[in-house]
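Novice: Predicted model follows, preceded by the sequence.
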Amino acid sequence: MSPPECSTSLTVYGKDGRPLRQLEALGQMLHCASGRCPYEYELYGCYCGRDGSGTPQDQLDR
């Protein structure tokens, strides 16, 4: 399966079927701040330790 086209918004729907707008704003902020597609962060998790006190695992952790 190929990755979705890059968009500056992430659409997630609530239990009532309405889109959650906060994630759209988050996607726009990520794109604006990093220049990266928000979908790059979809499965990303920070594993650098509790409260960010561990050793960075990759460039995104820095």
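Specialist: Looks like it came in fine.

Novice: So which residues of this protein form strands?
Specialist: Counting by DSSP state E, one finds no strands in the chain.

Novice: in the protein, which spans are helices?
Specialist: All helices of the chain, identified by DSSP state H, fall at 21-34.

Novice: Next, count neighbours for Ser34.
Specialist: Here the number of neighbours of Ser34 (other CB atoms under 10 Å) works out to 12. Bear in mind the C-beta positions are built from the backbone N, C-alpha and C, glycine included.

Novice: where does this structure dip in pLDDT?
Specialist: 1-11, 21, 43-52, 60-62 (pLDDT under 70).

Novice: Apply 80 and report the result again.
Specialist: When residues are selected by pLDDT under 80, those of the chain lie in 1-13, 19-24, 40-62.

Novice: Is Leu13 in contact with Leu20, as I believe?
Specialist: Not Leu; residue 13 is Tyr. Yes. Using CB atoms under 8 Å, Tyr13 is in contact with Leu20, at 6.9 Å.

Novice: In terms of neighbours, single out the busier of the two.
Specialist: With neighbours defined as other CB under 10 Å, Tyr13 and Leu20 compare such that Leu20 has more, 13 against 10.

Novice: State the distance from the more buried one to Gln57.
Specialist: 29 Å (CB to CB, to the nearest Å).

Novice: just Gln28 next, same as before
Specialist: 26 Å.

Novice: go on, Arg36?
Specialist: Where Gln57 is concerned, Arg36 sits at a distance of 17 Å (CB to CB).

Novice: before we move on, what about Tyr41?
Specialist: Distance from Tyr41 to Gln57, by CB to CB: 14 Å.

Novice: Then Arg18?
Specialist: Applying CB to CB, the value for Arg18 to Gln57 is 36 Å.
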